[in-house]
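Peer 1: need coordinates for the following:
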Amino acid sequence: MQTILVIDDDDSLRDTIGVLFEREGFRTILAADGKSGLDQAILAKPALIVTDLRLPDISGVEVCKRLRTSGVQTPIVVLSAVGEEIDKVLLLEIGADDYIVKPFGTRELLARVRAVLRRSPSEPHKVLSFADVEVNLERRVVTRKGNEVKFTPAEYNLLTFFLQNPDRPLSRDMILNSVWGYESFPNTRTVDAHVVRLRQKLEADANCPRHFITLHKVGYRFLP
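Peer 2: Residues are numbered from 1 along each chain as shown. Presented below is the predicted three-dimensional model:
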């Protein structure tokens, strides 16, 4: 049974989300503020964290930052209210895996959470590799020729999506929806920019890629 940590200072919403997840077969841990949420994220090691953007002591953004800085790579879904200033790119770059705007429907919340969990490794100690690259899915660590290569959360999620879908034609829209969790992330050039970064970090020759292949008028194909 997977555990989901819910961090929200709204007692009613927090309890409602907790009951929803439990009905769907998850175990839930509830926290009313950022500090207790951070403690639970480290101690309980949940499969996923759902956190409000605005919390009374430590904000949802700060929760993301502190967890990622301390090496905790648990997937995070951020909740934000309509009208709040939210920089979608910033949230992804600081470590959030997806965001949902309030008010939201229960089906949307469950769909987003399940999508993020699907992108997260469930098999312990699983290592995927190609050429001179190894990706430890449990530790979220990428090495090339034995040396660790640093990735932003978005770059890492894109890399693992490619690894889990080898030799398949993948459209840009499919990649956006699967990796970022929604269909209208700025535009498809976002995918192109992130593929360029993967090539620069992992290809022997970024200008003549052998693994991250462009498919004209389609998208990309990953060849291990």
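Peer 1: find the nearest non-adjacent residue to residue 178, please.
Peer 2: Spatial nearest neighbour of residue 178, chain neighbours left out: residue 161 (5.7 Å); criterion: CB to CB, 6 or more residues apart in numbering. For every residue, glycine as well, the C-beta is placed using N, CA and C.
Peer 1: how many neighbours does the one you found have?
Peer 2: Residue 161: 16 surrounding residues under other CB atoms under 10 Å.
Peer 1: equivalent analysis for residue 42, please.
Peer 2: 14.
Peer 1: I'd say it and residue 74 touch.
Peer 2: No - counting by CB atoms under 8 Å, residue 42 stays clear of residue 74, with 9.3 Å between them.
Peer 1: name the residues contacting each of the two.
Peer 2: residue 67 (CB atoms under 8 Å, 6 or more residues apart in numbering).
Peer 1: okay, the residue minimising distance to the centre of the chain: pLDDT?
Peer 2: Taking CA atoms, centre = their mean, the centroid of the chain lies closest to residue 97, which sits 2.9 Å from it. For residue 97, the pLDDT comes out at 86.
Peer 1: heads up, I number from 856, so please use that
Peer 2: Noted, 856 is the first residue going forward, which turns the last one into residue 952.
Peer 1: ok, now which ones touch it?
Peer 2: For residue 952, the contact set (CB under 8 Å, 6+ apart) comprises 930-932, 971, 974, 1008, 1012, 1036.
Peer 1: ditto for residue 951
Peer 2: Counting by CB under 8 Å, 6+ apart, residue 951 makes contact with 919, 931-933, 1008.
Peer 1: lowest-confidence one in these?
Peer 2: residue 1008 (85).
Peer 1: surely residue 951 is in a strand?
Peer 2: No - Residue 951 sits outside any strand when classified using DSSP: H, G, I helix; E, B strand; the rest coil, being coil.
Peer 1: quick check: phi and psi at it.
Peer 2: Main-chain torsions, residue 951, degrees, to the nearest 10: phi -70, psi 140.
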